[in-house]
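Trainee: Model the structure of this input:
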Amino acid sequence: MPTRTYEIITRPGVDPVNVPGRPPLPALEHRTETVCGLAVERYAAIPLRDGTTIYADIYRPGPAAEDLPVLVAWGPYGKHRTGRIWPEAEVEDSWISELTGFESPDPLYWCSHGYAVAYVDPRGLWYSEGNYPHNGPQEGEDVYDAIEWLAARPWCSGAVGMLGVSYLAGIQYLAASMQPPSLKAISPWECFSDWYREFCYHGGIPETGFQPRVSANGSYSLYRTEDTYANVQAHPLMHDYYRDKLVDLEAIQVPAYVVASWSDHGLHTRGTLEAFARMGSARKWLEVHGQKKWRHFYAPESVERQRAFFDHFLLGRDTELLQWPPVRVEVRDRPGVFHHRNDLPWPADPALHTRLHLDAGAGTLAVGRPGQAASATFDPRTSQFDAGYVFTEDTTVVGPMKLRLWLQIEAGSDADVFVAVRKIDAAGQDIRFPINALYDNGPVALGWLRASHRALDAAASDELRPVHPHDREEPLAPGEPVPLEIEIWPSGTVFHAGETLVLTVLGRDLVPSDNPGHPRLLHEDLRNEGEWTLLSGGRYDSYLNIPREP
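Mentor: Residues are numbered from 1 along each chain as shown. All right, here's what the predicted structure looks like:
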C-alpha cells in the first residue's frame, strides 16, 4: 500500500453488542445451524494477509451441497442485520425472506438456485478484528483475501461473484480493480465513485444529512474506526484523503452488470454512470431506472435479471443475457409511467446538445439568444428564481446538463447555488419523481456549486458537464458579476409538446426533509448572505445546455 502523508482521524469503537435500532449482536461462536432449510455457518473465520481475522456468515443450500459459486455481500451494517426495511421503500413482503441482509441478496432465493451467499463483516466492525478503514487500499486488500479464501472452500466451485446496493456496490469497484483471480463477475447497484464530488461535497457545498449517518454506521467495533465525518469536515477542499479513496476503474476487467438510477441524485446517480463508462471490462451492461432503489433491486423481475447474469458467468449457462442490449435506459414521463430505450449510448455525446438561453428579466429560456441585457434580483434564502422553456414537440432528454449562470451577490463573499430542473405538464402540474430511496418529491435533476469553487478543469470539462478541481477558493466581491458553470446530474425524462422544462435557482435544498428519522441528503452549512442578482443577455451569456438524441 502507498505511504500516506497525512493522518486519518480515528475514534474508539462504539459497543457493537447492543446498538439502538438493530438486533442484538449474536455471541462470537463458530457454529453451523439449519435456518429456513439452509445450512448457515455462523462466524466463519477468514484470515487476512496481515494475520487479522474477520468473520462471515455463509449460507448454503445444505451441509452436503458442493460445487457452489458464492455471492459475496460486504458491508458495514452487520451480517446479523436481516429482515425488512422502511415501509416507504415499497419493498413488498413477499419479495424477500427474513434472512435478507440490508442491501444484500436474499440467501433463501439464491441458495434455492444453486448458489452460496456470504455476508462479511469488514475489518474492525462488529466482532471482526483490526481497525476499520472506510474504503481505500486496506479494504481493497481485505476483500481480495476474503474472495480467495471463499473460493478455496471445499464446497465452492472456485467462482465468486459480488452483488449488492450502495456500500455493497462500491466495494465491488474496489474488489474488481484489485483483480482477485476467483472473482468472475460483479453486479454493483448504485454507488458513488468520487468521494469528494458525489458523497461529501456537492459542488463544494458540504452534505450534512447523510454523512453523519454513514459515519455512525462505521463506528460499531471492539477496536478503532475511521471517523468518516470528522475527516470530511477536516478537508473541505480536494485532498489526498479523497484521492486515496478513488478506484482504478479502468483496471476492472471482469464482466459487470451495472445498475444506476436517475432517482439517487446527490449520492449515487453520477458515480454509478461514471463507473460504468470507465470500467475496462470488455463485457459490461448498463441499466438505468427512475424508481426507488431498494424496490427496484428486490423486484422479482430485477432479481431474475441478476440471476440471468450470474447464471451465465458463474454457472456457465446460456441465458437471456445473450440478448441484452449494452445499455437499457428508463425514460420517465411521470411517476409510474415510463418506457425503456435500448438504442441510446452511454455516456451521452457532449457535442449533441441544445442551448437554451436565459432571459432573466422575462423568466424564460429560449433557443435564440436575447438581444438585451436583463436581470432578476431575489433573496435565495427565502425565495427562488424560475425560468421556463415550453417544448413544441415531444423531446427526450437523457444525460447530464450544464448551466452557465452570471451571478452577482449583494453581500458577503460567497454563494451556495442550488439548481433544479423540473417538469411542468400542460395542465400546470409540477411533476415529481422518486428520489433517494424513500421519497416521492424529487425534481427531474439537481445541481450544486459553491461559487468560490467556480474554477474549471478545462481539460476534463465539456458542453454537458463542467468539472471543478475544488482545490482552492476564490471569494466573490459584492456588486461584481461572475460566471458560474454548474453541473446538473444526469437524468432521463420525456417532455411532451406543451410541457415545460423549468430551471429553478435558489440558495437552499429544494427538497426539504420531512422525516428526520430516515436517511436524507441535506446541506445546512451554507454561506449565503443577502440578495442575488442573475444576469443575462448582452455580454452575460447565461444558458442551459441540455442533451439531445443522436
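
Trainee: avg pLDDT for stretch 205-220?
Mentor: Average pLDDT, stretch 205-220: 95.

Trainee: Please spell out which residues along it are buried.
Mentor: 205-211, 214-215, 217-220 (16 or more other C-beta atoms under 10 Å). Quick note: C-beta positions are derived from backbone N, CA and C, even for glycine.

Trainee: From the residues you listed, pick the one nearest residue 474.
Mentor: residue 205 (15.4 Å; C-beta to C-beta).

Trainee: and the buried residues of stretch 205-220 as CSV, adding secondary structure and distance to residue 75?
Mentor: Below are these laid out as CSV (DSSP: H, G, I helix; E, B strand; the rest coil; distance: C-beta to C-beta, whole Å):
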residue, secondary structure, distance to residue 75
205, strand, 27
206, strand, 24
207, coil, 20
208, coil, 23
209, coil, 20
210, helix, 16
211, helix, 17
214, helix, 11
215, helix, 15
217, helix, 9
218, coil, 10
219, coil, 14
220, strand, 12
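
Trainee: With distance to residue 66 added, can I get the residues you listed in a markdown table?
Mentor: Listed next are the buried residues of stretch 205-220 as a markdown table, based on distance: C-beta to C-beta, whole Å:
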| residue | distance to residue 66 |
| --- | --- |
| 205 | 53 |
| 206 | 51 |
| 207 | 47 |
| 208 | 50 |
| 209 | 47 |
| 210 | 43 |
| 211 | 44 |
| 214 | 39 |
| 215 | 42 |
| 217 | 36 |
| 218 | 36 |
| 219 | 39 |
| 220 | 35 |
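
Trainee: secondary structure class for the nearest residue to residue 36 once chain neighbours are set aside?
Mentor: Closest residue in space to residue 36, ignoring its immediate chain neighbours: residue 108 at 5.7 Å, by C-beta to C-beta, 6 or more residues apart in numbering. Put simply, residue 108 is helix when judged by DSSP: H, G, I helix; E, B strand; the rest coil.

Trainee: How about the contacts made by residue 108?
Mentor: Residues near residue 108 by C-beta atoms under 8 Å, 6 or more residues apart in numbering: 36, 38, 97, 99, 100.

Trainee: Swap in 10 Å and give it another go.
Mentor: Counting by C-beta atoms under 10 Å, 6 or more residues apart in numbering, residue 108 makes contact with 35, 36, 37, 38, 59, 96, 97, 98, 99, 100, 117.

Trainee: Pull up the gap between it and residue 61, please.
Mentor: According to C-beta to C-beta, to the nearest Å, residue 108 stands 10 Å off from residue 61.

Trainee: Spit out the residues that contact those two alike.
Mentor: In contact with both residue 108 and residue 61: 37, 38, using C-beta under 10 Å, 6+ apart.

Trainee: Now name the helix or strand holding residue 301.
Mentor: helix 300-314 (DSSP states H and E).

Trainee: list the buried ones in that helix?
Mentor: Judged by neighbour count using 16+ other C-beta under 10 Å, the buried positions of helix 300-314 are 302, 303, 305, 306, 307, 308, 309, 310, 311, 312, 313, 314.

Trainee: cool, and stretch 9-24?
Mentor: 9, 10, 13, 16, 19.

Trainee: which ones are touching the third one?
Mentor: When contacts are counted by C-beta under 10 Å, 6+ apart, residue 13 is found next to 124-126, 131-132, 218-225.

Trainee: can you list those in TSV and add distance to residue 532 and secondary structure?
Mentor: Shown next, in TSV, are the contacts of residue 13 (distance: C-beta to C-beta, whole Å; DSSP: H, G, I helix; E, B strand; the rest coil):
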residue	distance to residue 532	secondary structure
124	46	coil
125	44	coil
126	48	strand
131	46	coil
132	43	strand
218	38	coil
219	39	coil
220	43	strand
221	45	strand
222	51	coil
223	48	coil
224	45	strand
225	41	strand
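
Trainee: excluding its backbone neighbours, what's nearest residue 35?
Mentor: Sequence neighbours aside, residue 99 is the residue nearest to residue 35 in space, at 6.7 Å (criterion: C-beta to C-beta, 6+ apart).

Trainee: Assign the one you found to helix, strand or coil.
Mentor: Following three-state DSSP, residue 99 is assigned to coil.

Trainee: same check, this time on the one 5 residues further on
Mentor: Reduced to three states with three-state DSSP, the structure at residue 104 is coil.

Trainee: in the stretch 1-150 of the chain, what spans have low per-residue confidence?
Mentor: Along the stretch 1-150 of the chain, segments meeting pLDDT under 70 span 1-2.

Trainee: Hmm, residue 177 and residue 188 touching each other?
Mentor: No. At 11.8 Å, residue 188 does not count as touching residue 177 under the criterion of C-beta atoms under 10 Å.

Trainee: which residues do these two both contact?
Mentor: The contact sets of residue 188 and residue 177 overlap at 252, 279 (C-beta under 10 Å, 6+ apart).
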